[in-house]
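*Asks:* Here is my input, please return the structure:
(2 chains)
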There are 2 protein chains.
Amino acid sequence: MKTDPHPWATDLATLHAQVWVLLVRGVGDRHAAARQPTLATVSPDGGPQARTVVLRAADRVAGTLDIHTDLRSAKVAELSHDPRAALHVWDAGAHLQTRIESVVNILTGDEVAAIWAKLPDLSQQSYGTTPAPGVPIAQSLDYAKQPDFASFAVLRCTVQALDVVHLGPQHRRARYERATGWAGHWLAP
Amino acid sequence: MKTDPHPWATDLATLHAQVWVLLVRGVGDRHAAARQPTLATVSPDGGPQARTVVLRAADRVAGTLDIHTDLRSAKVAELSHDPRAALHVWDAGAHLQTRIESVVNILTGDEVAAIWAKLPDLSQQSYGTTPAPGVPIAQSLDYAKQPDFASFAVLRCTVQALDVVHLGPQHRRARYERATGWAGHWLAP
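*Replies:* Numbering: from 1, shown residues only, chains lettered A, B, ... in the order given. Purely as a prediction, here's the structure:
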């Protein structure tokens, strides 16, 4: 009989803990699945939008996840209109899908000066492209990178709910909500 | 001087063609990045939802992508309310993000009988779980799998626009729209 490689998947509390282990790992390990979640938002016309982002911080106690972005990007405009965001991670190694419902605060200026100061020069270059992200250009390289603190924003995602599916030999699905202290309950997968 | 591993990224037409090469590869190769896109929809309360799906068909000429699902899943309810869906693929090997805007037709019954007939028995078991997907259950395995053709649906996603980002040594971003015959234009990344 084989040893279960994912014993944490059979219990609500250990499954919840494992989700945060993998999220925290994503912040520090560029090869971890949670390094690059998909962030889904709703555009002002009501349509869905999704893109890859990089996970920059994960705080289990506060239940928050941080993403860095250019303040002029479409996702900031979308989140200014509707602060709800879904974050999604599929971890093939853990056979685990984590769906995260969150509400996002867009932090800028003095609130993020300490974070900006710690970024490597190369990372700072990601914020402040001219023209702004998404502006049409004639040729593919008709843009310049010039670090600009005024274009730097941190999206602080306060997690409201987690929907977790483990696709082991048997499938298990659980939902956890902030409003009930993350106690969790099972769902049919 | 190193050879550019992704020469297709520098030209609008070859970049567009490569996107479809990778999508078609996703249908046939379970290890390809496009095998498991993230599907983002909008729930009836207006909030974003995202989950992993499996790409089952890709037709470049028609500009359509197929996904199979349980007719009773939340994504079907969401798409019945608003048929817009975003599909998202991050292909780490190609350094390529593909964001797909689509409108979804929910196909069932006679329309999908031929597709159902070709599914392996094990795949058919994914459609018809009792209770339905997302229903609360007391214990994690309090559900049964019983193939049910009446629960089988094909989400046929008609692509309306593609937003493609290539993260090579230099970043390039292009947008293609059905309305302009997929000619494409460059955007600041």
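*Asks:* Name the next helix or strand following the helix or strand of chain A with the lowest mean pLDDT along the chain.
*Replies:* Every helix and strand of chain A was ranked by mean pLDDT, DSSP states H and E. The lowest is helix A:121-124, at a mean of 92. Downstream of helix A:121-124, the first helix or strand assigned by DSSP states H and E is strand A:136-137.
*Asks:* quick one on the thing from earlier: neighbouring contacts of the least confident helix or strand of chain A?
*Replies:* A:His68, A:Trp116, A:Pro147, A:Phe149, A:Phe152 (CB atoms under 8 Å, 6 or more residues apart in numbering or on different chains). C-betas here are computed from N, CA, C, even on glycine.
*Asks:* any weak-confidence spans in chain A?
*Replies:* By pLDDT under 70, the weakly predicted segments of chain A are A:1-2.
*Asks:* Neighbour-wise, which one of the contacts of helix A:121-124 leads?
*Replies:* Most neighbours among these, by other CB atoms under 10 Å in any protein chain shown: A:Phe152, with 24 neighbours.
*Asks:* Leaving out chain neighbours, which residue sits closest to that one?
*Replies:* On the basis of CB to CB, 6 or more residues apart in numbering or on different chains, the spatially nearest residue to A:Phe152 that is not a chain neighbour turns out to be A:Tyr127, at 4.3 Å.
*Asks:* you'd agree the one you found is up against A:Ser151?
*Replies:* Yes: assessed by CB atoms under 8 Å, A:Tyr127 is found in contact with A:Ser151 at 4.6 Å.
*Asks:* what do the two both touch?
*Replies:* A:Asp70, A:Leu71.
*Asks:* tell me the strands in chain A, going along the chain?
*Replies:* Assigned by DSSP state E, the strands in chain A fall at A:38-42, A:48-52, A:55-59, A:64-70, A:84-91, A:96-107, A:136-137, A:152-167, A:171-177, A:185-187.
*Asks:* Give me the distance between the residue nearest to A:Phe152 and chain B.
*Replies:* Applying CB to the nearest CB, to the nearest Å, the value for A:Tyr127 to chain B is 12 Å.
*Asks:* how many other residues sit next to that residue?
*Replies:* 24.
*Asks:* List the contacts of it.
*Replies:* A:His68, A:Thr69, A:Asp70, A:Leu71, A:Pro147, A:Asp148, A:Phe149, A:Ser151, A:Phe152, A:Ala153.
*Asks:* Pick the one among those closest to chain B.
*Replies:* Closest to chain B out of the contacts of A:Tyr127 is A:Asp70 (10.1 Å), distances taken as CB to the nearest CB.
*Asks:* what bridges to that closest one?
*Replies:* Bridge pairing for A:Asp70 (DSSP bridges) gives the partners A:Phe152.
*Asks:* what packs against the lengthiest helix in chain A?
*Replies:* Counting by DSSP state H, the longest helix found in chain A is helix A:12-28. Counting contacts by 3 or more CB pairs under 8 Å, 6 or more residues apart in numbering or on different chains; DSSP states H and E, helix A:12-28 is packed against strand A:55-59, strand A:84-91, strand A:96-107, strand A:152-167, strand A:171-177.
*Asks:* need the ones you listed in JSON lines with distance to A:Leu12, can you?
*Replies:* Formatted as JSON lines, the helices and strands packed on helix A:12-28 follow (distance: least, CB to CB, whole Å):
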{"stretch": "strand A:55-59", "distance to A:Leu12": "20"}
{"stretch": "strand A:84-91", "distance to A:Leu12": "18"}
{"stretch": "strand A:96-107", "distance to A:Leu12": "14"}
{"stretch": "strand A:152-167", "distance to A:Leu12": "10"}
{"stretch": "strand A:171-177", "distance to A:Leu12": "6"}
